[in-house]
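Trainee: A predicted structure for the sequence below; I have some questions about it.
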Amino acid sequence: GQNIDQPTEMTATEGAIVQINCTYQTSGFNGLFWYQQHAGEAPTFLSYNVLDGLEEKGRFSSFLSRSKGYSYLLLKELQMKDSASYLCAVRDGDYKLSFGAGTTVTVRA
Amino acid sequence: ETGVTQTPRHLVMGMTNKKSLKCEQHLGHNAMYWYKQSAKKPLELMFVYSLEERVENNSVPSRFSPECPNSSHLFLHLHTLQPEDSALYLCASSQAASEGGYTFGSGTRLTVV
């Protein structure tokens, strides 16, 4: 089966940095994704990792270690609009994404 | 506009009703999906269609019946649902094995009374 764990909630101050960890145990691996979901809206794609290392995209970075079954999403220079749920997902094969329960990030002024 | 459109956005139905959810994508993707999202729980994969053929059915009760008439459209037909089926139903599409992952629709918030 698939097991993807991430913290339930995190709180940080505007302008700060927050790191959301994700650990996974899956039967197959063909990439790890991070999505952002604001309340009442669709999840939107943030990042993709398939090889070990860091991928940087502006204020957001994502890291992967396949041997450790571990990823993190780093959010820098936090803004109020970054308050949302962040979903870690692992792809098994060509299609299927298995998701963690999501981490709700609250940014305070 | 996410490229994946779902209708209706909200649906309230009784346990004896029959209704359908619709999903449409114009991204040229070759796979489409139905997911169920309940509060504080991971997204649950329900069905996967690749090139209009169902490739995965994740032990979903028969009261949920998917239909994929072509590569751009996906339906979820609902009948004799239970209150525990109340949730957000998300449609997504993707190009198989791509780096872009899924594109999600905005979902249908379903309430079964």
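Mentor: Perfect, I can see it now.

Trainee: alpha carbons only for contacts and neighbour counts from here, please
Mentor: Noted.

Trainee: where's A:Lys68 relative to A:Thr26, distance?
Mentor: To A:Thr26, A:Lys68 is 12 Å away according to Cα to Cα, to the nearest Å.

Trainee: Between the two, which has more neighbouring residues?
Mentor: A count of neighbours by other Cα atoms under 10 Å in any protein chain shown puts A:Thr26 above the other of A:Lys68 and A:Thr26, at 15 against 10.

Trainee: burial count for the residue lying closest to that one once chain neighbours are set aside?
Mentor: Computed as Cα to Cα, 6 or more residues apart in numbering or on different chains, the closest residue to A:Thr26 that is not its neighbour in sequence is A:Gln2, at 4.5 Å. Using other Cα under 10 Å, A:Gln2 has 13 other residues around it.

Trainee: swap in the one 3 residues further on?
Mentor: By the criterion of other Cα under 10 Å, A:Asp5 has 19 neighbours.

Trainee: Same question for A:Leu32.
Mentor: Per other Cα under 10 Å, the neighbour tally for A:Leu32 reads 28.

Trainee: which phi and psi does the closest residue to it other than its chain neighbours have?
Mentor: Distances taken as Cα to Cα, 6+ apart place A:Val90 nearest to A:Leu32, at 4.5 Å, with adjacent residues excluded. For A:Val90, the backbone dihedrals (degrees, to the nearest 10) come out as phi -120, psi 130.

Trainee: list the contacts for A:Val90?
Mentor: Contacts were defined as Cα atoms under 8 Å, 6 or more residues apart in numbering or on different chains; by that measure A:Val90 touches A:24, A:26, A:29-33, A:97-99.

Trainee: quick one, strands of chain B?
Mentor: Using DSSP state E, the strands found in chain B span residues B:4-7, B:10-13, B:18-25, B:31-37, B:44-50, B:53-57, B:64-70, B:73-79, B:87-94, B:103-104, B:108-112.

Trainee: quick check, stretch B:66-85 touching chain A?
Mentor: No. On the criterion Cα under 8 Å from any Cα of the partner chain, stretch B:66-85 is out of touch with chain A, staying 15.0 Å away.

Trainee: show me where pLDDT drops low in the chain?
Mentor: Using chain A. Of all residues in chain A, those with pLDDT under 70 make up the ranges A:1.

Trainee: Not quite, go with chain B.
Mentor: Where chain B drops to pLDDT under 70, the residues are B:1-2, B:97.
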